[in-house]
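Asker: the sequence and its predicted three-dimensional model are supplied below.
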Amino acid sequence: MRGMDKKLKILTYGCQMNVADSERMAGLLNQIGYTLTDDTDAADLILINTCCVRATAEDKVFGQIGRFKTLKRQKPSLILGVAGCMAQKEGENLIKRAPHVDFVLGTGQSSEVARVVESLELERKHFVDVSNVSGDIPSEVFPLRGGQVSTFIPIMYGCNNFCTYCIVPYVRGRERSRKPEEIFAEVNQAVAEGFKEITLLGQNVNSYSGGMTFAELLTGVDKIAGVERLRFMTSHPKDLSDELIAAIAGGKNICEHIHLPVQYGSDKILKRMNRVYTVDKYLKLVEKIRAAIPDVSLTTDLIVGFPGETDEDFQETLEFLRAVKFDAAFTFIYSRRSGTPAAIFPAQIDDETKHRRLDELMKVQNAISLEKNLAMVGSTVEVLVEGASKTDEKIFTGRTRSNKLILFEHGDEHAGDLVNVKITQAQTWLLKGDII
C-alpha cells in the first residue's frame with residue numbers, strides 16, 4: 001500500500017480530549033499517506049478512538065467492532081485499530097473478543113500510531129501496546145483538525161484526583177502538563193489555519209503545572225493575535241483559584257463561561273465520591289465567581305444513583321440545584337466501572353430508582369435553564385457564527401460568549417464571523433434571534 005492514496009476513517013467516542021487525540025492521530029497518519037474519508041466502505045484503515053467512562057460507551061464500541069467483522073472479511077487488506085481509554089482498559093482482551101481487530105493502542109501510545117500502521121502494512125499480525133499509561137507528551141504535533149471555527153488544544157493529560165466513581169486516572173494516568181511554549185506554538189498554528197475559538201483542554205485543566213499557573217497560561221493565550229474566543233474545560237472546584245477568577249474577569253477574549261462539575265449536592269455523597277469539598281465551599285465559590293464576573297454562565301455535571309444515595313441525599317441535591325441555578329447541567333446515571341472503589345461499595349442503587357431520580361433531576365434543571373434563557377429575551381448578544389443548521393440551510397447557528405446556542409436567519413454571514421443578535425425566543429436548550 002506504500003505510495004497509494006490511502007483512506008482513513010476515524011470514529012471518535014467520548015469527551016473533547018478524545019476528539020483532540022483523534023485529530024493528532026489523523027495528523028500522524030496523514031504524514032504516511034492517509035487522507036480522511038467519511039465512506040467506511042472505501043477506508044483502508046479504520047481507527048476507533050474509544051471511551052470507557054460509562055458502560056454505554058463501551059457497549060457502543062463493541063457493537064461497532066462487531067459490525068466491522070463482515071467488512072474485514074470482504075476486504076482482507078483493511079486495517080482495523082482500537083485506541084483510547086477502552087483500549088487501555090481492555091488491552092489483549094479486545095483481541096481475544098474480536099480477533100479481526102489488528103491493533104490496540106493505549107492512551108499513552110497514541111503517538112506511535114503511524115509506526116504501528118506502517119509495520120502492519122508490511123506484515124499483518126496482532127499488535128497490542130497498553131504499557132505506558134502515563135506516556136511522554138510529544139513535543140511536536142501536527143493535528144488534522146476538524147471544523148472551521150473552533151478547535152481543542154490539550155494542555156495537560158491525566159488526573160490525580162481519584163474520585164471513587166471514575167476510571168480516568170487508571171486509563172489516562174497521572175497528570176502531565178505540556179510546556180507553555182509548546183501550547184503557545186500550537187495556538188498560533190491553529191490561528192494560522194483560520195480557527196477563531198480555542199478551547200484549552202485537560203482532565204483537570206486548572207491544575208496545570210507546566211512552569212506557570214493556569215491563570216498565567218490563560219492570560220498568555222488571550223494575548224495571542226487572532227484568538228477571538230478563549231475557553232477551557234474541565235475544571236475541578238478545588239483548583240479554581242482567585243487568580244483564575246481574576247484572569248477571566250480581566251481577560252479580553254476569555255469567555256464568561258465556566259464548566260464546574262459539582263457531581264452531587266450532598267456532603268455525605270461528595271465525601272464518598274472523594275470530591276474533597278463540601279456543598280458550602282462550592283456555594284461560596286459560586287458566590288465569589290458571580291461577584292467578580294456578573295454575566296458568567298455556570299454549567300456543571302451531576303451524577304444520580306451513586307452507591308448509598310438516599311431519598312434525603314437526593315432531595316438535598318434538588319435544593320442545591322435550586323440554590324445555584326446553573327445555566328445548564330449534564331446529568332448522568334452512575335455507571336459501575338470495574339477497578340474503581342465505588343464499584344464495590346455497598347448499597348448499590350437499582351436501575352428503576354436511578355432513572356426515576358434522573359427524570360426528576362432533569363425536570364428541575366430544565367425549568368431553571370428555561371428561566372435563565374427567558375431572561376435573555378430582548379437582549380443583544382455577540383455570536384460567533386458556526387454555520388448552517390443541520391436541518392435547515394436558511395438557519396445559521398452560533399454561540400454567545402457564555403456558550404448559549406443561538407439560531408438566526410441566514411443573511412450574508414459566514415462561519416467565523418462575529419455578529420450581534422437580538423434574542424426574540426427562548427427554549428430550554430437554545431435561543432432564537434435576529435441579526436442586528
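Answerer: Good, I have the coordinates.

Asker: where do the helices of the chain begin and end?
Answerer: Using DSSP state H, the helices of the chain run over residues 16-30, 55-74, 85-90, 92-97, 113-122, 168-172, 180-192, 214-222, 242-250, 267-273, 279-292, 311-324, 351-374.

Asker: most tightly surrounded among these?
Answerer: helix 85-90 (a mean of 26; mean count of other CB atoms under 10 Å). Yep, even glycine has a C-beta here, placed from its N, CA and C like the rest.

Asker: state the mean pLDDT of that helix.
Answerer: Averaged over helix 85-90, pLDDT sits at 94.

Asker: can I get it in CSV, CA atoms only?
Answerer: Extracted as CSV, the C-alpha positions of helix 85-90 are listed here (Å, rounded to 0.1, in the frame of the first residue of the first chain):
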residue,chain,number,x,y,z
CYS,A,85,-9.4,4.7,27.1
MET,A,86,-11.3,1.5,26.5
ALA,A,87,-8.3,0.1,24.6
GLN,A,88,-6.1,1.0,27.6
LYS,A,89,-8.6,-0.8,29.9
GLU,A,90,-9.2,-3.9,27.9
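
Asker: which stretches of the stretch 151-300 of the chain have low pLDDT?
Answerer: Along the stretch 151-300 of the chain, no part satisfies pLDDT under 70.

Asker: returning to that earlier point: of all the helices of the chain, which one is nearest residue 430?
Answerer: helix 351-374 (7.8 Å; CB to CB).

Asker: ok now the closest one, how far from the chain's centre?
Answerer: Centroid separation between helix 351-374 and its chain, computed with CA atoms, centre = their mean, to the nearest Å, is 22 Å.

Asker: and what of stretch 370-385?
Answerer: Offset of stretch 370-385 from its chain centre (CA atoms, centre = their mean): 24 Å.

Asker: tell me the mean pLDDT for that stretch?
Answerer: The pLDDT scores in stretch 370-385 average 98.

Asker: and the end-to-end length of it?
Answerer: End-to-end distance of stretch 370-385 (CA to CA, to the nearest Å): 23 Å.

Asker: try stretch 199-215
Answerer: OK, stretch 199-215 end separation, CA to CA: 14 Å.

Asker: circling back: so for residue 139, which of the helices of the chain sits nearest?
Answerer: For the helices of the chain, the distance to residue 139 is smallest for helix 180-192, at 6.0 Å, taking CB to CB.

Asker: could you give the angle of that closest one to helix 214-222?
Answerer: 30 degrees (axes from the mean of the first three to the mean of the last three CA atoms, to 10 degrees).

Asker: give me the helices and strands touching helix 180-192, please.
Answerer: strand 150-154, strand 197-201, helix 214-222 (3 or more CB pairs under 8 Å, 6 or more residues apart in numbering; DSSP states H and E).

Asker: dump those to a markdown table, plus distance to residue 78.
Answerer: Formatted as a markdown table, those follow (distance: least, CB to CB, whole Å):
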| stretch | distance to residue 78 |
| --- | --- |
| strand 150-154 | 29 |
| strand 197-201 | 31 |
| helix 214-222 | 40 |
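
Asker: who wins for proximity to residue 115 among the ones you listed?
Answerer: strand 150-154 (20.9 Å).

Asker: quick one: contacts of that closest one?
Answerer: Here strand 150-154 makes contact (CB atoms under 8 Å, 6 or more residues apart in numbering) with 16-17, 19-21, 23, 143, 145, 178, 183, 186-187, 190, 195-202, 229, 384, 386.

Asker: also stretch 6-18?
Answerer: Stretch 6-18 has contacts (CB under 8 Å, 6+ apart) with 19, 22, 25-26, 29-30, 33-40, 42-51, 53, 57, 60-61, 64, 84-85, 152, 154, 157, 199, 201-203, 233.
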